[in-house]
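S.K.: Have a look at this prediction, sequence included:
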Amino acid sequence: MLLFPNLPGSSSMVPIDFGKKLSQRGVFSVKSAYAALANENDHAVNINHAINWKNLWKLKVQDRLKMLLWKISPNLLPTKALISTVLNLEPDLIKCPLCNTEQESLHHLFFNCIFSKVVWRQSKWPIDISSFATQPMDVWTNIILSPSKNLNVPEEEIQEFQNFAIIAMDNLWLHRNKVDHKQAEPSIQSYVTSVSRSYTQHCKAWAAKNIQMGINEVRYPVGSHLLTFDVAIRKEGSILASICWKDNGEVLFAIIDLINKVNSNLGEASAALMAIKEAARLKLENIIVGGDSDVTIQAISNTSYIQELNLSPVINDIRHHLNSFKLMERQSSRKFSPNSRFKM
């Protein structure tokens with residue numbers, strides 16, 4: 001497990017002897033430590049050093065959307081094309097479930113699929129999204145991070161553009177999952193409507209005077225710390241990621257870990273536990289546990305909600321560590337209004 005010691009208030013959780021290899025000054029960063037973990041375990045996560053990850057975490061979008069963008073650049077989303085590198089799938093099973101015309105890769109979904117083309121044509125910024133299909137995914141990530149420099153987006157529209165770009169990808173991935181799991185039929189109109197609705201909600205939320213960076217776009221109590229967590233499942237194992245935000249929006253610590261492959265629910269819970277253990281070690285008093293995993297969030301506050309037996313030990317461990325905090329809240333990042341505290 002790696003903890004990034006260049007962040008304020010953090011310290012190493014395990015002895016690390018390759019700091020000087022990461023920078024001339026021996027200073028760690030989220031990018032360099034993550035790259036070291038990838039090399040250490042010899043797996044296929046592609047870290048692009050051209051991306052300014054610091055700017056990604058500073059984006060004025062929901063933390064869940066930041067995590068999505070973090071997954072997209074190194075190709076961590078389990079598209080059919082990526083899965084086919086592990087499993088021997090028939091050609092028809094690799095096709096995009098939305099348009100059924102090409103192999104489903106991130107480039108196809110976000111640049112060449114008719115769903116993406118239509119939503120961008122109807123947007124405030126009617127760009128030809130397919131023009132980016134031949135570029136590495138990190139090029140598009142950098143465009144989102146600096147749209148004024150790359151697309152001449154006016155300064156006053158930068159945040160709107162960034163929200164729209166990531167929301168369009170987020171809703172497309174959600175619609176794709178529903179179609180792939182036979183929960184919905186492919187519908188461009190439904191997708192465009194969902195993007196418009198989500199984008200409008202985000203813009204209204206950010207327009208409020210009391211908004212500060214965070215999962216549900218509300219100001220956090222002074223002295224509180226927001227713990228966010230996520231998991232990326234790869235063929236080599238599951239990559240856990242946890243970040244602790246101070247009430248002023250600064251990062252207190254960021255941790256990653258590579259564990260044996262587990263399902264998404266167990267991975268999310270394990271990432272949450274990793275963050276909570278570190279917060280307890282640092283003796284933080286007031287925390288907010290936030291994430292887009294309703295299973296983990298609900299299970300923390302209600303033991304009867306635990307739906308998978310293998311989750312019980314992790315959730316029980318989380319609840320045990322939470323006893324050391326004075327104030328606790330849990331928030332789901334897919335919703336704008338939840339602010340329900342849970343009592344231990």
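M.R.: Arrived safely, thanks for sending.
S.K.: P78: helix or strand, and which one exactly?
M.R.: With elements delineated by DSSP states H and E, P78 resides in a region that no helix or strand encompasses.
S.K.: which ones are touching it?
M.R.: With contacts defined as Cβ atoms under 8 Å, 6 or more residues apart in numbering, the neighbours of P78 are I233. Any C-beta I mention is one placed from the backbone N, CA and C, and that applies to glycine too.
S.K.: residue ranges of the helices in the stretch 51-200 of the chain, please?
M.R.: Counting by DSSP state H, counting those that start in this stretch, residue ranges of the helices within the stretch 51-200 of the chain are 53-57, 63-72, 80-83, 106-107, 114-121, 137-145, 147-151, 158-180, 188-207.
S.K.: JSON lines please, covering those and showing mean pLDDT, mean neighbour count and distance to E278.
M.R.: As requested, the helices of the stretch 51-200 of the chain are arranged in JSON lines below (pLDDT from 0 to 100; neighbours: other Cβ atoms under 10 Å; distance: least, Cβ to Cβ, whole Å):
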{"stretch": "helix 53-57", "mean pLDDT": "85", "mean neighbour count": "17", "distance to E278": "17"}
{"stretch": "helix 63-72", "mean pLDDT": "91", "mean neighbour count": "21", "distance to E278": "17"}
{"stretch": "helix 80-83", "mean pLDDT": "92", "mean neighbour count": "18", "distance to E278": "30"}
{"stretch": "helix 106-107", "mean pLDDT": "95", "mean neighbour count": "21", "distance to E278": "31"}
{"stretch": "helix 114-121", "mean pLDDT": "94", "mean neighbour count": "19", "distance to E278": "38"}
{"stretch": "helix 137-145", "mean pLDDT": "92", "mean neighbour count": "20", "distance to E278": "27"}
{"stretch": "helix 147-151", "mean pLDDT": "90", "mean neighbour count": "14", "distance to E278": "34"}
{"stretch": "helix 158-180", "mean pLDDT": "95", "mean neighbour count": "20", "distance to E278": "27"}
{"stretch": "helix 188-207", "mean pLDDT": "88", "mean neighbour count": "16", "distance to E278": "29"}
